[in-house]
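model the structure of this input:
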Amino acid sequence: MDWSTTSGNGHVQCGPFSVQRDGLPNTSAAKVVNYSSSSYVFRACGRIVGGESRCTTGWW
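Alright, predicted model coming up:
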């Protein structure tokens with residue numbers, strides 16, 4: 001999942017990231033959403049084994 005406070009002009013990846021030695025994934029902290037601002041948006045992303053990462057075509 002990616003999120004942006006600039007309507008998608010730049011974004012931060014929420015994770016997951018590479019796993020730690022203990023096997024647990026690393027993720028970023030939660031983000032409080034400002035529902036009254038249309039510049040706060042997100043998109044879902046995923047990757048299949050051996051494939052490329054893909055994200056939804058639009059921001060929500």
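
what about the strands in the protein?
In the chain, the strands defined using DSSP state E lie at 2-4, 12-13, 41-43, 45-46, 54-55.

for the lowest-mean-pLDDT helix or strand in the chain, packing partners?
Across the helices and strands of the chain, mean confidence by mean pLDDT, DSSP states H and E is lowest for strand 12-13: a mean of 78. Identification of packing neighbours for strand 12-13 by 3 or more CB pairs under 8 Å, 6 or more residues apart in numbering; DSSP states H and E yields strand 2-4. Placement of C-beta: from N, CA and C, glycine included.

what residue ranges in the protein score low on pLDDT?
Low-confidence segments of the chain (pLDDT under 70): 15-20, 25-30.

at 50 what do you get?
Filtered on pLDDT under 50, the chain yields no residues whatsoever.

and the strands of the chain as CSV, adding distance to R21 and mean neighbour count?
Shown next, in CSV, are those (distance: least, CB to CB, whole Å; neighbours: other CB atoms under 10 Å):
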stretch, distance to R21, mean neighbour count
strand 2-4, 26, 17
strand 12-13, 21, 12
strand 41-43, 30, 17
strand 45-46, 25, 11
strand 54-55, 29, 12
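
same list, those, but as JSON lines with distance to K31 please.
As requested, the strands of the chain are exported to JSON lines (distance: least, CB to CB, whole Å):
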{"stretch": "strand 2-4", "distance to K31": "6"}
{"stretch": "strand 12-13", "distance to K31": "8"}
{"stretch": "strand 41-43", "distance to K31": "9"}
{"stretch": "strand 45-46", "distance to K31": "16"}
{"stretch": "strand 54-55", "distance to K31": "17"}
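
what about the least confident helix or strand of the chain, distance to the chain center?
With CA atoms, centre = their mean, to the nearest Å as the basis, strand 12-13 stands 5 Å off its chain's centre.

ditto for stretch 50-59
Taking mean C-alpha positions (CA atoms, centre = their mean), stretch 50-59 and its chain are 11 Å apart.

ditto for stretch 37-53
Stretch 37-53 sits 6 Å away from the centroid of its parent chain (CA atoms, centre = their mean).
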